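In: sequence plus predicted model, see below.
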Amino acid sequence: RMMMATARGMWVCLAAAVCAATAATAAETPSIIFILSDDLGYGDYSLSTEVNESSFRIPTPNIARLAQNGVQFSRGYSMQVCAPSRCTLMTGRHLGHCTIRGNDGAYTPLLSTDVSIGAVMKRAGYRTGIAGKWGLGNFNTSGYPLEQGFDYYIGQETQVGCHDWYPLTVSNGTDNKCVVNSAAELDPIVCLSADGKCTWANTLCQDQSIDFISAAVAAKEKYFLYVATTTPHAGNLAAPGQHPSWYAADYPVPFVYSQEFLNETGSAWVNEETQFAAAVWAQDKIVGAILDHLTAIGTAEETIVFFSGDNGPDGHGLQLMDDPGVFRGKKRSLHEGGIRQTIVAHWPGTIVGSHVSDRIFTFYDVLPTSADLAGLPRAQWGPTDGISIKDTLLDPATAPQSDDRYIYLEFCKYGTVDGLLPQTYQDGWVQAIRWDDNATTYRTEWKAIRSNSDAEQFLLYNLTDDQSESHPLVGPNVTASSNPAVLRARRITESQMGEAHVEDPFWKSSKNYTDRCCNSCFTPGGCGNGCKKFGPPPPPAPPAPPINPDALSGTWLGTNGKAYRLSVDVATQRVTITNPSDPTSCWTTGSGTLAASNATIQISASGAHCTRVATGTLTATLLHKVVDVDYSYTAPAIRIDWTGAPWPSWTKQIGAFAPVYA
């Protein structure tokens with residue numbers, strides 16, 4: 001089941017079934033594309049305005065193209081982290097009603113009773129497809145895209161697996177082991193070179209999106225396409241090996257993008273920053289490729305393209321690009337910096353010129369808006385907490401700039417989430433409400449945050465005057481207000497919080513700070529700590545395999561940070577070692593034997609000033625790392641502990657990092 005490139009550049013999994021076409025309606029309605037970028041901060045693309053202009057602005061000309069013949073929603077709202085954002089986007093429900101309220105679609109996948117945008121758009125006669133990151137249910141669960149009304153899916157469906165930017169396999173429809181890379185192609189030096197042949201998951205996402213569009217247009221079908229990249233979210237090139245000099249562990253972008261910012265000067269431009277900027281620039285190029293394709297096939301005016309990030313910024317230093325802009329917090333925060341977006345909608349031929357709308361547009365508005373654009377009667381949209389903003393798309397100049405409704409979020413997170421401005425609310429289970437009060441003399445943008453169901457942990461901000469949430473009008477350390485507008489806003493907001501939250505046994509809330517809520521488990525079996533256990537427990541880890549002498553030759557890293565070279569002649573069990581990275585050491589080379597059991601090495605090493613005789617004990621072990629705060633990864637390794645000589649332990653990675661929970 002290998003992914004093969006055709007003459008057109010299209011990837012096809014030979015064992016995958018070809019999705020069946022659905023009948024399109026005759027109505028003149030647009031095809032719809034929603035492009036979602038992963039961890040793209042408010043200030044990371046050039047459309048956003050509330051950003052320090054002295055900061056470095058990553059060029060995003062193609063995202064800026066979207067604003068031409070388009071509408072920028074300056075008060076766009078995602079949710080605070082990947083999976084909840086995607087749940088609201090796909091189901092049209094806010095986080096008091098969503099099936100997935102923490103960053104974990106493996107723990108609680110979408111249910112068969114959930115009505116996704118895929119199912120709704122199929123009712124309208126649209127062909128439906130997804131390319132890229134899913135995160136709302138693994139293969140063979142009710143949450144998998146093909147079980148949620150989508151005709152076509154290719155990508156990485158597990159939340160944890162999406163961190164692998166260069167996967168060996170992806171899911172392609174009914175085949176969840178569709179090979180896209182070979183182990184040989186994933187050697188880091190080879191893969192990230194100008195001649196690298198490895199497949200980046202985001203290039204695959206781009207190419208498959210273009211092929212899906214072509215197929216739908218050729219069949220004369222309207223379509224809904226969800227393009228979910230994994231950039232600029234921190235990612236892995238999991239294979240072991242040496243890396244190029246510009247490499248950044250969290251942003252192994254392909255060579256065609258990686259060189260773009262290497263000439264930037266200044267102490268802030270470390271590898272992490274040059275490659276993060278390259279990852280954002282790559283996202284912009286993906287947007288451009290899709291727009292160029294729509295123009296090339298003559299369907300640009302028949303297609304509306306939405307674009308947004310999925311939550312606040314994260315994963316690198318935020319100062320250089322001023323990623324959160326004026327807003328407090330970052331990814332996982334319920335402050336504005338964790339949830340604020342500039343969402344843009346591009347529809348040439350219908351939207352003439354560039355417009356900026358002050359109307360709130362949130363992710364759970366996308367389903368009702370898409371259904372409305374498709375001409376589907378309201379009764380067929382399914383349950384939704386969102387509204388259609390079709391009127392703004394058709395007439396941005398005269399559509400309302402404010403609606404009589406609130407935006408609701410909730411999240412469980414222990415520990416603070418500080419951006420450029422620190423978190424001000426108590427950690428634990430937190431609710432947030434955002435609403436426009438049009439009854440005041442001027443429109444007041446109220447924002448309230450309450451922690452752990454505690455009236456004493458209630459914060460109220462007037463965002464009209466205080467976008468950075470720096471001056472609470474109500475709070476634990478704030479003198480009680482007698483202002484009638486403030487008292488009224490608190491009363492209304494607390495009522496809204498009670499109305500919006502529906503308790504879910506799998507995403508437990510908190511009655512107080514010591515009553516633990518449920519954040520995420522990252523395993524279908526549940527994990528305790530506030531999260532309900534259900535389903536079979538995960539299987540035990542297999543025993544460590546015996547040490548293979550063929551794996552011993554290569555570079556080893558000492559606990560002192562120095563590199564050592566070891567080689568083994570397997571036929572004779574002869575071992576040689578060298579000390580290339582520490583020329584001041586008293587020993588430089590050594591030789592000895594590997595025991596028949598492959599469990600010990602006897603070595604005699606010498607140099608100009610000493611001779612060392614040592615015994616090394618070999619042990620199979622695991623290397624550990626944490627990615628993106630929540631996710632644990634391990635890689636197989638071998639460790640040598642030396643006795644008889646004052647040498648540090650040596651470790652050699654012998655396999656790729658893989659998630660602890662899939």
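Out: Received, thanks.
In: pLDDT weak spots in this structure?
Out: 1-27, 440, 521-529, 533-541, 661-662 (pLDDT under 70).
In: for it, what spans make up the helices?
Out: Ranges of helices within the chain are 61-67, 82-91, 117-123, 188-191, 201-218, 255-258, 271-296, 336-339, 366-373, 390-394, 484-500, based on DSSP state H.
In: redo those helices as a markdown table? Include mean neighbour count.
Out: For every residue, glycine as well, the C-beta is placed using N, CA and C. What follows is those, written out as a markdown table (neighbours: other CB atoms under 10 Å):
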| stretch | mean neighbour count |
| --- | --- |
| helix 61-67 | 20 |
| helix 82-91 | 29 |
| helix 117-123 | 23 |
| helix 188-191 | 18 |
| helix 201-218 | 22 |
| helix 255-258 | 19 |
| helix 271-296 | 22 |
| helix 336-339 | 30 |
| helix 366-373 | 25 |
| helix 390-394 | 18 |
| helix 484-500 | 16 |
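In: tell me which of those helices lies nearest to residue 165.
Out: helix 201-218 (5.5 Å; CB to CB).
In: what helices and strands are in contact with the closest one?
Out: Applying 3 or more CB pairs under 8 Å, 6 or more residues apart in numbering; DSSP states H and E, we find helix 201-218 packed against strand 11-13, strand 31-38, strand 127-132, strand 152-155, strand 223-232, helix 271-296.
In: related to what we said a few turns ago, out of the helices of the chain, flag the one nearest residue 517.
Out: Closest among these, using CB to CB: helix 82-91, at 13.7 Å.
In: so that closest one versus strand 127-132, what angle?
Out: 170 degrees (axes from the mean of the first three to the mean of the last three CA atoms, to 10 degrees).
In: alpha carbons of helix 82-91, as PDB, please.
Out: Provided in PDB are the C-alpha atoms of helix 82-91 (Å, rounded to 0.1, in the frame of the first residue of the first chain):
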ATOM      1  CA  CYS A  82      -6.100  22.400  18.700                       C
ATOM      2  CA  ALA A  83      -8.800  19.700  19.300                       C
ATOM      3  CA  PRO A  84     -11.400  22.000  20.900                       C
ATOM      4  CA  SER A  85     -11.000  24.500  18.000                       C
ATOM      5  CA  ARG A  86     -11.500  21.700  15.500                       C
ATOM      6  CA  CYS A  87     -14.500  20.300  17.400                       C
ATOM      7  CA  THR A  88     -16.300  23.700  17.300                       C
ATOM      8  CA  LEU A  89     -15.300  24.200  13.600                       C
ATOM      9  CA  MET A  90     -16.600  20.800  12.500                       C
ATOM     10  CA  THR A  91     -19.800  20.600  14.600                       C
END
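In: how big is the angle separating that helix from strand 223-232?
Out: 170 degrees.
In: packing partners for helix 82-91?
Out: strand 31-38, helix 117-123, helix 366-373.
In: just send the ones you listed back as TSV, with distance to residue 47 too.
Out: TSV is the format used below for the helices and strands packed on helix 82-91 (distance: least, CB to CB, whole Å):
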stretch	distance to residue 47
strand 31-38	12
helix 117-123	24
helix 366-373	18
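In: residue 229: which of these is closest?
Out: Nearest to residue 229, of all the helices and strands packed on helix 82-91, is strand 31-38, at 5.7 Å by CB to CB.
In: quick one: contacts of the closest one?
Out: Applying CB atoms under 8 Å, 6 or more residues apart in numbering, the contact partners of strand 31-38 are 82, 86, 89, 121, 126, 133, 162, 209, 213, 216, 222-233, 283, 286-287, 290, 299, 302-310, 366, 370, 373-374.
In: out of the helices and strands packed on helix 201-218, which is closest to residue 597?
Out: Going by CB to CB, the one of those nearest residue 597 is helix 271-296, 41.7 Å.
In: my read: residue 355 touches residue 72, true?
Out: Yes. In this structure, residue 355 is within contact of residue 72 by CB atoms under 8 Å, at 7.1 Å.
In: between those two, which one's more packed in?
Out: residue 72 (22 against 19; other CB atoms under 10 Å).
In: identify the residues contacting the more buried one.
Out: Residue 72 neighbours (CB under 8 Å, 6+ apart): 47, 342-344, 354-357.
In: Serialize those residues to CSV and add fields for distance to residue 436.
Out: Shown next, in CSV, are these (distance: CB to CB, whole Å):
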residue, distance to residue 436
47, 22
342, 18
343, 17
344, 21
354, 24
355, 19
356, 17
357, 13
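In: buried among those residues? Make that a PyMOL selection.
Out: Restricted to buried positions by 16 or more other CB atoms under 10 Å, the PyMOL selection for the contacts of residue 72 reads:
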select buried, resi 47+342+343+344+354+355+357
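In: quick check: the two most widely separated of the contacts of residue 72?
Out: Within these, 343 and 354 form the most distant pair, 14.5 Å apart (CB to CB).
In: what's the longest strand in this structure?
Out: Counting residues, the longest strand found in the chain (DSSP state E) is strand 611-627.
In: in that one, what's buried?
Out: Neighbour-count burial for strand 611-627 [16+ other CB under 10 Å]: 612, 614-616, 618, 620-623, 627.
In: could you do stretch 645-660 as well?
Out: Going by 16+ other CB under 10 Å, stretch 645-660 has these buried residues: 645, 647, 649-657, 659-660.
In: and those residues, which two are furthest apart?
Out: The span of the buried residues of stretch 645-660, defined through CB to CB, is set by 645 and 659 at 37.5 Å.
In: sweet, I'm off.
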